[in-house]
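Peer 1: A structural model of the following input is requested.
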Amino acid sequence: MADDAGARTGQESGPESNHDRERDAIIQAKLKKGSLKLYELEKELSPVDAIRVRRKFIEEETDTHFENVGIFSIDVERVVKRNCENMIGTIQVPLGVAGPVLVNGGYAAGSFWLPLATTEGALIASVNRGCSAITKAGGAEVRILHDGMTRAPVFATDSIIHAVQVCDWVKAHHNELVVAAESTTSHGKVNDIVTFVAGTSVYVRLEFDTKDAMGMNMVTIASAKVADLIAQGTGARLIALSGNMCTDKKPAAINSIMGRGRSVVAGVALTHEQISTIFKTDARSLFEVNYRKILVGSARAGATGFNAHAANVVAAMFIACGQDAAHAIDGSTCITTIDLTETGVYVAVTMPSLPVGTVGGGTGVDTQQECLKMLGVAGSGTPPGSNAKKLAEIIAAGVLAGELSLLGALAAQHLARAHQQLGRG
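Peer 2: Modelled structure (predicted):
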């Protein structure tokens with residue numbers, strides 16, 4: 001294995017021949033002169049050589065020596081074409097596991113080890129404790145509530161009368177717009193088309209079933225086709241293909257209410273004994289922390305999410321599994337609730353906006369692909385869409401574990417002590 005890893009490393013000892021040295025020197029001179037751009041190197045060199053030469057140029061430009069970013073094991077030929085421009089190497093994020101956690105989902109059923117890529121000490125230990133609690137309680141109940149990726153073009157109209165006419169036209173030509181959108185993809189299906197008006201601006205929010213893809217590229221291309229038809233049919237001017245009513249990579253109430261990506265809910269019932277033995281606290285203390293911190297505190301702060309640290313787990317699993325890390329903001333719209341029961345508590349997380357996929361984007365990067373395989377969700381599922389839904393359910397179970405553990409630590413007044421024991425300031 002060591003030899004294999006060495007064969008795939010991006011760390012170079014230098015050009016192998018005088019010809020290579022001369023070629024690199026000429027290219028470096030062109031880069032400094034500006035007659036050759038950094039993004040053009042792949043036209044002149046192989047991907048590995050382009051990365052090395054570009055890194056050398058940046059080292060000289062910034063007076064920095066990159067000893068580690070040039071070491072990697074991923075297939076750079078794929079990455080430079082699909083995932084990263086102007087590549088100079090990789091950033092390594094420590095990867096740990098929590099679990100196993102027992103999941104009783106509509107798509108995910110069984111015990112799973114959760115891959116978490118993070119530099120935050122104590123996070124994985126915390127999630128691990130939550131996983132143990134969930135498993136001892138019989139597993140997390142998890143279900144998909146809704147599934148739909150969105151894009152919302154914005155149009156300018158001449159007046160509010162024109163704006164309403166545009167909305168009426170979209171409604172009247174719904175079937176025609178659906179056919180046009182679905183003609184751009186062999187996988188995506190239109191779920192809904194909804195219009196919104198703000199003065200003379202009209203927003204058309206299109207929602208798609210993107211199967212196992214997260215789907216942003218798919219819905220963008222389909223929405224462009226629809227937007228052209230709307231402009232032609234109504235005389236409205238297309239201002240932007242995304243008008244922020246989607247809403248992508250920004251906290252937004254519309255995503256919390258209408259959902260975006262995979263909307264998922266997870267819950268678990270804990271007994272009084274489990275609460276006492278695992279979390280060293282009691283049901284009423286857990287309930288009060290959730291009420292005063294998660295609900296009242298978040299409301300007083302004007303937060304759009306009501307949870308302890310859901311984005312922590314979402315971000316760590318997103319990085320590990322090749323998801324778009326910026327969508328961790330969507331995970332922060334999670335709502336954590338605790339109901340007191342006769343036997344203890346029922347803890348649940350509601351995640352209305354979890355944009356995940358198991359094909360496309362970063363899911364094909366070698367290291368991330370291994371994490372998806374570990375979860376049994378790599379590639380397209382049978383039926384299509386089932387793997388992405390399964391991944392969403394597993395992530396929701398992980399978020400539930402993280403919420404349980406942190407709320408338990410807070411209720412028992414153990415948070416600072418746990419960080420201090422693990423050497424975290």
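Peer 1: next SSE downstream of the helix-or-strand element of the chain with minimal mean pLDDT?
Peer 2: Ranking every helix and strand in the chain by mean pLDDT, DSSP states H and E puts helix 2-7 at the bottom, with a mean of 38. Once helix 2-7 ends, the next helix or strand along the chain (criterion: DSSP states H and E) is helix 18-33.
Peer 1: would you say Glu207 is within a strand?
Peer 2: Yes - according to DSSP: H, G, I helix; E, B strand; the rest coil, Glu207 belongs to a strand.
Peer 1: is it true that it touches Thr150?
Peer 2: Yes - between Glu207 and Thr150 a contact is recorded at 4.9 Å, counting by C-beta atoms under 8 Å. Backbone N, C-alpha and C define where each C-beta goes, glycine included.
Peer 1: ok, Thr337 - how many residues close by?
Peer 2: Here the number of neighbours of Thr337 (other C-beta atoms under 10 Å) works out to 20.
Peer 1: swap in Asp330?
Peer 2: Using other C-beta under 10 Å, Asp330 has 29 other residues around it.
Peer 1: helix/strand/coil for it?
Peer 2: Each residue gets one of three states, and Asp330 gets helix by three-state DSSP.
Peer 1: pLDDT score assigned to it?
Peer 2: For Asp330, the model assigns a pLDDT of 91.
Peer 1: return the set of residues that bridge with the spatially closest residue to it that is not a sequence neighbour.
Peer 2: Spatially, and ignoring its direct neighbours in sequence, Asp330 is nearest to Ser353 (4.0 Å; C-beta to C-beta, 6 or more residues apart in numbering). Beta bridges link Ser353 to Arg260, judged by DSSP bridges.
Peer 1: before we move on, the earlier item: higher neighbour count, Glu207 and Thr150?
Peer 2: Neighbours per residue (other C-beta under 10 Å) separate Glu207 from Thr150, with Thr150 holding more: 28 against 23.
Peer 1: just the element for that one, please.
Peer 2: Thr150 belongs to strand 140-151 when elements are defined using DSSP H and E.
Peer 1: for Arg262, same thing?
Peer 2: Judged by DSSP H and E, Arg262 forms part of strand 260-271.
Peer 1: for that strand, give the mean pLDDT please.
Peer 2: Confidence for strand 260-271, expressed as mean pLDDT, is 98.
Peer 1: and the closest residue to Ala224 other than its chain neighbours, how many neighbours?
Peer 2: With sequence-adjacent residues excluded and distances taken as C-beta to C-beta, 6+ apart, Ala224 is closest to Leu241, at 5.9 Å. Leu241 has 16 neighbours, counted by other C-beta under 10 Å.
Peer 1: need the contact list for Leu241.
Peer 2: Each residue near Leu241 by C-beta atoms under 8 Å, 6 or more residues apart in numbering is listed here: Arg151, Pro153, Thr220, Ser223, Ala224, Ala227.
Peer 1: hmm, 7 Å instead?
Peer 2: Leu241 is in contact with Pro153, Thr220, Ser223, Ala224, Ala227, counting by C-beta atoms under 7 Å, 6 or more residues apart in numbering.
Peer 1: now Glu77
Peer 2: For Glu77, the contact set (C-beta under 7 Å, 6+ apart) comprises Pro47.
Peer 1: gap between it and Glu42?
Peer 2: Plainly put, Glu77 is 10 Å away from Glu42 if you go by C-beta to C-beta, to the nearest Å.
Peer 1: go on, Val289?
Peer 2: Per C-beta to C-beta, Val289 is found 53 Å from Glu42.
Peer 1: how about Thr90?
Peer 2: Taking C-beta to C-beta as the measure, Thr90 falls 17 Å from Glu42.
Peer 1: for Ala156, give me phi and psi.
Peer 2: In terms of degrees, to the nearest 10, the main-chain angles of Ala156 are phi -100, psi 140.
Peer 1: that one contacts Gly243, doesn't it?
Peer 2: No - counting by C-beta atoms under 7 Å, Ala156 does not reach Gly243; the two are 10.4 Å apart.
Peer 1: looking at the two, which is more packed in?
Peer 2: Gly243 (21 against 16).
Peer 1: I'd assumed Arg284 was in a helix, is it?
Peer 2: Yes - counting by three-state DSSP, Arg284 is part of a helix.
Peer 1: give me the distance between it and Thr341.
Peer 2: From Arg284 to Thr341 the distance is 12 Å (C-beta to C-beta).
Peer 1: could you pull out the helices for the stretch 251-400 of the chain?
Peer 2: Residue ranges of the helices in the stretch 251-400 of the chain, as given by DSSP state H, counting those that start in this stretch, are 253-258, 272-279, 283-289, 298-301, 310-320, 328-331, 366-375, 386-411.
Peer 1: once you drop chain neighbours, what's closest to His187?
Peer 2: Nearest residue to His187, sequence neighbours excluded (C-beta to C-beta, 6+ apart): Lys211, at 4.8 Å.
Peer 1: can you pull the pLDDT of that neighbour?
Peer 2: At Lys211, pLDDT is 96.
Peer 1: assumed it was part of a helix.
Peer 2: No - secondary structure of Lys211 (three-state DSSP): coil, not part of a helix.
Peer 1: for it, give me phi and psi.
Peer 2: The phi/psi pair for Lys211 (degrees, to the nearest 10) is phi 60, psi -130.
Peer 1: how many neighbours does it have?
Peer 2: 25.
Peer 1: ok, it - contacts?
Peer 2: When contacts are taken as C-beta under 7 Å, 6+ apart, Lys211 is in contact with His187, Pro384, Gly385.
Peer 1: by neighbours, which of these wins?
Peer 2: If you count neighbours using other C-beta under 10 Å, the busiest of these is Gly385, which has 23 neighbours.
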